[in-house]
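*Asks:* here is the input, now give the coordinates:
(2 chains)
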Amino acid sequence: MSVSRIVVGVAAAVIVVPLMLAAREGPSFVPSGREQAAQPQAADTAAIRALVAGIRGANAVQCELILQAFDGWFSGSVPDRDPAAWELVRRVRYRVVDRETIGWLAGQLRTADTCVGRVASRLLGRSESLVARATLLSALSDSSASVRRLGAVGLGFRNDSTTSANLVRALADRDAGVRTAAAWALGEVN
Amino acid sequence: MITTLSWLPEAAWKGALLLAVAWVGARLLQRQPAALRHLLWTVALGGVIAMPLLSMATPVRVPIPIRQVVSASPTNASLDRNLTAPSLTEREAATRAGSAPAPIQTGPASRDIVTLPTFTADRIATVAIALWAVGLVAMAIRLLAGFIALRSIERTTASETDSDLSAALERAAARVGLRAVPRLVVSDRVSMPCATGWFKPVVLLPEAVRLWDADRRNIVLLHELTHIKRGDFVAHLISEVARAVYWFNPLVWLASRQVRAEAERATDERVVHVGAPPSEYAAHLLDIVRASSPMRVPAPLMPLARRTEFEGRLLAILESAGRHAVPTLRAVALTVLLVGSLTGAVASIGAARPVVDSSMPYEDDAVGTDPRTDPRTDPRTDPGTVTDPYVNPSAEPKVESPQAGPQAMDDRSTVAALAGVLGDPVPAVRRAAAEALGSSRDSVAVRALMSVLLQDDVAQVRRAAAYSLGRIEDQLAVPALMEALLKDADSEVRKNAAWALGAIDSPRAAPALAQALEDDRELSVRIESAQALGEIRDVSSMNALVRVLGQDDEPALLKSVIDALHNIDNASAATAVAGALRDRNADVRVAAAEALGSFEDRAVVPALMAAARDADAEVRRAVIGALQNLGDRRAIPAFTAALTDTDPEVRRSGADGLADMDNLRTAPPELIRAMDDRDAEVRQGVAHALGHILDPAGLNALVAHVGDANVEVRRSVVEALQGFEEEEATAALRTALRDQDAEVRESAARALGERSRK
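*Replies:* The predicted structure is shown next:
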């Protein structure tokens, strides 16, 4: 075998394998100048952090009510929770968040507080930011099953059919919760 | 849609598969003319280039099972039974299963806030894509530079004027059958004879040609003109493009090399075929290759021979005597057909489609008909037990986004993937997939959901399948839903099936729904069946509905049955519905009265008049409204009695009923007295009725209210007075000219103007 063939073969291996990874991961996004220009005020970041702090430690019932309020299904008050945090739910639920907050929310997907993770996935899913989209796509291939689930749920809230290919791949995830979330999300985004 | 470079790996491996098969085919064609092998490699490389587009456009996908790795961990086992929400986390699942929640992350410093997920895979992918793009650009530049160099040679070199050479060119062109003689260029910038171009072909010869004898010149010209005759430039270009796009794929390079080699061999065979002695031809080629100086050849050129690819070619020339040089038309057609079919087959390899049992008795259903002529874009809520928007993912509100795609799932690969998940071992996954497929409009989804509806062993999955089939509204699903409605052991499945049949709105479902209405042991299924019959509005279901109305006493069921009969709007049901006016339940009596009002069967007037004394005000309102709709004079006493009802809405309806009565010329005293009713809306209605009847006995009551405290009443009074010609009416209208309300003044002025004209 000639040297040139060996070189071509090695080059092929070096290129094809990462390309396969690229197909698994989806595209990387670099925010455009327009997106960067559309960053919201710092007040939003503060509001989101205050909201997350307010809901941290919510029990299962409280969390369900918070999430229903987040989705517009519940407008009452949550027992034993800070009314200020409650108001923040309504204030931030459809807001575009800035890159710094997206990074912070991405970290919340890993938190042990389930309710915080679910709120974070909704906030990321409802953000029109492409950085948030990329974050959720990355979460979809995280090593932690719970993060992958939250990534799929967040994508379900985006109503963005271009994420279908990633969600279809998640249907073969080894974790049943991820497959469930991916199936649900596909029903939402298509 | 290609939105990323994700098509490239798929196209690469499919292309590799195609080329591997082409290699086997070329081996099998070893004894055939080289032209056939050249054709095979060219078509295969063309298929490799077109693979991404073919993969998207191919209408049929060959099933490849999706590998599902399902861990048998306790967490998943508990999920199997308990997971119902899509975003349920492991912690929640563990909590529901009664076990201690596993901490997701330990370590005090990073308990709640952690850094962004790492993007290692993303970075590798980005680098890979960049490398591929660099290679593509380099290859494209190489090809472009070749064309520029070629153009430069052509422009800077005059066409050959050597008469001997030109005459030899014309003779050679005639021998190979070329209609137009190509341009001949002799240049010191090429070391080897070459041919290039498609529409305006050019033969490039080195300066050494002037030293060659006539035989060598003739043979070389024959060779190059044969390339032009065969159109080898096109195949050469295809191989160059394939190499540029798939430069990382060694098989493409090998195939490209085969295209060049077989083109030369095919040309050699043709040259020998037209009369060149093989040994002499081979000797000339060998001498030319030996004498040529190593010089880089522009990419678009096909040199007579390459030092690196000369092996074996001489032997092939020597053995080519007597061999067929031109393949038969049949062999060419067969090769193109086979390689083309193979390309299509490879392109169609994709994700698994659902396995649909071909023995299912639905093959003869109207697949092609569109049942969605009356689409209900606002479907009813899930009639199943799941009402929690979090537990029931389909109830999650949509997020408006500028990127929002079509509402119906139109990506067949997504549908196929979700349909494949319907075979997942975990019920929660199957259920989520079944619900997601409700967004589809694809018959693949319908068939997969039908299969789940009839075969899945978990009721919740079957419920979701029935619900989604109702959302899709495809008539294809009617037989399966009917079977589920009548045979499923789970009442929620039967209820969802009934709802779905109503949503699909097919008269074929009426008998099954009627049977469920009469025989099902679960009340909710019977109610849903009645409602579905009301949606379908098929007259054949009348008898069953009427029977239930006469035999059952469950209010919710009776109300649904009456509503269904109301929708069917057939007067033959009037008598049965009239009986329901005596039902114990007020809601049933209201529904019956409302239905009777729409039947236009005046035989029910006595029953309605009797019901006008009902103890429930809502029933009385419905009854008076029904009598008003029927417009029968026998109802006048009921309307009159209604004027003294305790309920103002009933009193108002009574006045309206009298106002609508034709040829009524005498105002009942109750009506005149009602002009003093404490309720303004009643007074307004009474004024309207008095203005319609025009009985002078009612004039004084109207005049007395020309200054009513309520402006709406004053307006109605002035309108009513316009019909009276008495002096009192005129005086009252003059008074109204000073009203504070402009509309009252305007009406009064208009009425007075009319009078003056008379």
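
*Asks:* least confident secondary structure element in the chain?
*Replies:* Let's take chain A. For chain A, counting by mean pLDDT, DSSP states H and E, helix A:33-37 ranks last in confidence among helices and strands (a mean of 40).

*Asks:* you answered for a different chain; I wanted chain B.
*Replies:* Evaluated with mean pLDDT, DSSP H and E, the helix-and-strand set of chain B has its lowest mean pLDDT in helix B:74-82, which scores a mean of 33.

*Asks:* quick one: low-confidence ranges for the chain?
*Replies:* As the question left the chain open, I've gone with chain A. Within chain A, the segments meeting pLDDT under 70 span A:1-44, A:75-87, A:90-97.

*Asks:* chain B is the one I meant
*Replies:* Across chain B, the ranges flagged by pLDDT under 70 are B:1-7, B:55-125, B:158-160, B:293-296, B:306-311, B:320-325, B:350-410, B:758.

*Asks:* and the strands in the stretch 301-450 of chain B?
*Replies:* For the stretch 301-450 of chain B, the strands identified by DSSP state E, counting those that start in this stretch occupy B:302-303, in order along the chain.

*Asks:* excluding sequence neighbours, find me the nearest residue to the residue in it that chain A sits nearest to.
*Replies:* Nearest residue of the stretch 301-450 of chain B to chain A, counting by Cβ to the nearest Cβ: B:A436, 2.8 Å away. The C-beta positions use only the backbone N, C-alpha and C, and glycine is treated the same way. Setting aside the residues directly before and after it, B:A436 is nearest to A:G187 in space (Cβ to Cβ, 6 or more residues apart in numbering or on different chains), at 2.8 Å.

*Asks:* and the one you found, which helix or strand is it part of?
*Replies:* With elements delineated by DSSP states H and E, A:G187 resides in helix A:176-189, which encompasses its position.

*Asks:* name the residues of that helix that are buried.
*Replies:* Under the neighbour-count criterion of 16 or more other Cβ atoms under 10 Å in any protein chain shown, helix A:176-189 has A:176-189 buried.

*Asks:* any idea how far A:V89 lies from A:V116?
*Replies:* 13 Å (Cβ to Cβ, to the nearest Å).

*Asks:* what does B:L437 give?
*Replies:* Summarising the geometry, the distance separating B:L437 from A:V116, computed by Cβ to Cβ, is 32 Å.

*Asks:* just list what the helix holding A:G187 packs against, helices and strands only.
*Replies:* Here helix A:176-189 is seen to pack against helix A:145-156, helix A:164-170, helix B:74-82, helix B:412-421, helix B:427-436 when contacts are counted using 3 or more Cβ pairs under 8 Å, 6 or more residues apart in numbering or on different chains; DSSP states H and E.

*Asks:* hang on, isn't A:A139 packed against A:L109?
*Replies:* Yes. Contact between A:A139 and A:L109 holds when scored by Cβ atoms under 8 Å: they sit 5.6 Å apart.

*Asks:* which neighbours do these two have in common?
*Replies:* A:S121, A:V147, A:L150, A:G151, B:P117 (Cβ atoms under 8 Å, 6 or more residues apart in numbering or on different chains).

*Asks:* same list, the residues you listed, but as TSV with neighbour count and distance to B:T267 please.
*Replies:* Rendered in TSV, the data for the shared contacts of A:A139 and A:L109 read as follows (neighbours: other Cβ atoms under 10 Å in any protein chain shown; distance: Cβ to Cβ, whole Å):
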residue	neighbour count	distance to B:T267
A:S121	28	64
A:V147	24	62
A:L150	33	64
A:G151	32	58
B:P117	21	58
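
*Asks:* export these to CSV and tack on distance to B:L481?
*Replies:* Converted to CSV, these look like this (distance: Cβ to Cβ, whole Å):
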residue, distance to B:L481
A:S121, 35
A:V147, 39
A:L150, 35
A:G151, 35
B:P117, 44
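
*Asks:* tell me which two of those sit farthest apart.
*Replies:* For the shared contacts of A:A139 and A:L109, the maximum inter-member distance is 12.9 Å, found between A:S121 and B:P117 (Cβ to Cβ).

*Asks:* overlap in contacts, those two.
*Replies:* Shared contacts of A:S121 and B:P117 (Cβ under 8 Å, 6+ apart): A:L109, A:A139.

*Asks:* hang on, B:S443 packs against B:I472?
*Replies:* No. In this structure, B:S443 sits apart from B:I472 without contact. The criterion is Cβ under 8 Å, and the distance is 9.3 Å.

*Asks:* of those two, who's got more company?
*Replies:* For B:S443 against B:I472, the residue with the higher neighbour count under other Cβ atoms under 10 Å in any protein chain shown is B:I472, and the figures read 26 against 16.

*Asks:* who's the closest spatial neighbour of the more buried one, skipping the chain neighbours?
*Replies:* Leaving aside its sequence neighbours, B:I472 is closest to B:V446 (5.9 Å, by Cβ to Cβ, 6+ apart).

*Asks:* quick check: that neighbour touching B:G470?
*Replies:* No. The pair formed by B:V446 and B:G470 falls short of the contact definition of Cβ under 8 Å, at 11.3 Å.

*Asks:* can you name the residue of the stretch 501-650 of chain B nearest to chain A?
*Replies:* Among the residues of the stretch 501-650 of chain B, B:A503 lies closest to chain A, at 17.2 Å counting by Cβ to the nearest Cβ.

*Asks:* if we can go back for a sec, who has more neighbours, B:L437 and A:V116?
*Replies:* B:L437 (33 against 24).

*Asks:* list the contacts of that one.
*Replies:* Under the criterion of Cβ under 8 Å, 6+ apart, the contact partners of B:L437 comprise A:G187, B:M409, B:V415, B:L418, B:A419, B:L422, B:A445, B:A448, B:L449, B:S468, B:I472.

*Asks:* got these as JSON lines, with distance to A:G125 columns?
*Replies:* Compiled in JSON lines, those are given as follows (distance: Cβ to Cβ, whole Å):
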{"residue": "A:G187", "distance to A:G125": "14"}
{"residue": "B:M409", "distance to A:G125": "18"}
{"residue": "B:V415", "distance to A:G125": "22"}
{"residue": "B:L418", "distance to A:G125": "20"}
{"residue": "B:A419", "distance to A:G125": "25"}
{"residue": "B:L422", "distance to A:G125": "25"}
{"residue": "B:A445", "distance to A:G125": "24"}
{"residue": "B:A448", "distance to A:G125": "27"}
{"residue": "B:L449", "distance to A:G125": "27"}
{"residue": "B:S468", "distance to A:G125": "23"}
{"residue": "B:I472", "distance to A:G125": "25"}
